[in-house]
Structure formats: structure tokens, C-alpha cells
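1. got a predicted model here, sequence first, then my questions.
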Amino acid sequence: MSRVLYNSKLFAEATGAYVLVFAGCGAIVVDQLLPGRITHVGIALCFGLAVGIMIAALGHISGAHFNPAVTLALAAGRHFPMRQVLPYGLAQLAGALLAALTLRGLFGTETALGVTQPAGPTGQAFALEMLLTAILVFVIASVALHPHAIPALAAPAIGGTITLEALFAGPVSGASMNPARSLAPALISGQWQHLWIYLTAPFIGGLIGMAVYQWQRRLEHGS
């Protein structure tokens, strides 16, 4: 792979992560500053639409992971080179950090920039984030890797999954499913409480989701 092509992949990952955090966390910030203008449903839609749109725009360049947990899961399933996991993760975090800095510059210090926090017990939030990410990775693998999948459905299916999960689980765990999305606002706002949940549970959940997809494929082949 040429250096130019590889750099374009990293730039695409950074760009996708930037739009995800800028639009999704931006919706949280605006809703806090102007209560009721966006609402929880609007926030969930912003996250889902951001991911779906960026998959359609950049999927043909980088694969449109935009999420370190997704990248690791794909590598664990041998659908992505393990040596590229760290560069992809750093690019995703860089884009997310730039988005959080943009929100700080636009809206100041009145909000926490969309930091993810559990509303209840930490164990409950951990389990939710793990399960949500497992479902997300299973959907991603099913619509993007399966030989009979319809490529045109990847963007709406993945974006729709994020919207669905954010709608019902967002008020409980934050429905991050993405370590870069959670780490960036925490770093810029200085609010680290419970960050460990969002830096561990999505990775575990992603590996579970990939394992379930691989089990499904073995069942299809009768093995």
C-alpha cells in the first residue's frame, strides 16, 4: 500500500470521527444551552445520521470505522490488519479531539462537551456499553463483511443501529460505544469520572459482537 493511499485512509478515519463528535456531542451541547430545542430523540438522530452519512462518504476509502472498538474487533476477526489498529485508533482519536476542541471554541466552558456519564450503577452502565457495542459490531460485520450483504444498506443499517441504541440506552449509560468519542470530550473538559467504563466496555463488546458474527457464519456453513 502506498504512503499516499494509507495517509488518505487515516485522514478519512479522522474526518469521520470529527463529524461524529462534532455533530453528536454538538447536539448535546446545544440541547444543554437551549433546553428542549433538540431533545434526546434529536441527539440520538444526530449521532446516527453523522455515522451513516460518513460511512456513505468515506467507506470506500478507509472502511469507515470511526471507532477504535470497531477497528480492534475487525482485526480480531481477521478482516483488518492488526498492524493498522494503532494508527487507525490514533487517527480516530485525533479527529475526535479536534471536534471537542472546536465545540469548546464555539460554546466555551458552560458545558462538559457531551462527556458520557452513567445515570445509574457503574456495573449497569458497563454491561450496557458492552452489549450495545456487541450489537453494533455484529450489525457492521453482517452488512459490510457477509458475502451476500447489500453494500448500499451498510450506511443506513449502521447509522440506524446507533440511533436505536442511543434512543433507549442513552439516558442510562450515554450509549457511547466508542472509546474515542468518550475520551475526547473528557480530555478537553477535564471530566474523567467513570471514563474507565467507556475505555474498556466497548472493546470487550466489540470482540463479543465479532465472535457472534463468526459463529453465525459457521452455522451457515453447517460447521
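-> Sure thing, it's come through.

2. where's the residue nearest the centre of the chain relative to G222, distance?
-> Nearest to the mean C-alpha position of the chain, by CA atoms, centre = their mean, lies N178 at 4.0 Å. N178 is 35 Å from G222, where distance means CB to CB, to the nearest Å. Placement of C-beta: from N, CA and C, glycine included.

3. now A125
-> Per CB to CB, A125 is found 39 Å from G222.

4. who has more neighbours out of these two?
-> Set A125 next to G222 and count neighbours by other CB atoms under 10 Å: A125 wins out with 24 against 5.

5. next, the buried residues of the helix ranked longest in the chain.
-> The longest helix of the chain (DSSP state H) is helix 3-33. Residues of helix 3-33 classed as buried: 9-31 (neighbour count, 16 or more other CB atoms under 10 Å).

6. how far off centre is it?
-> Chain-centre distance of helix 3-33: 10 Å, with CA atoms, centre = their mean, to the nearest Å.

7. same check, this time on stretch 92-103
-> Chain-centre distance of stretch 92-103: 13 Å, with CA atoms, centre = their mean.

8. also stretch 51-67?
-> Relative to the centre of its chain, stretch 51-67 is centred 11 Å away, using CA atoms, centre = their mean.

9. not counting its own residues, what contacts it?
-> When contacts are defined by CB atoms under 8 Å, 6 or more residues apart in numbering, stretch 51-67 is touched by residues 8-10, 12-13, 15-17, 19-20, 71, 74, 80, 88, 92, 95, 144, 154-156, 158-160, 162, 177-181, 202.

10. recalculate using a threshold of 7 Å.
-> With CB atoms under 7 Å, 6 or more residues apart in numbering as the test, stretch 51-67 has contacts from 8-9, 12-13, 15-17, 19-20, 71, 88, 92, 154-156, 158-159, 162, 178, 180.
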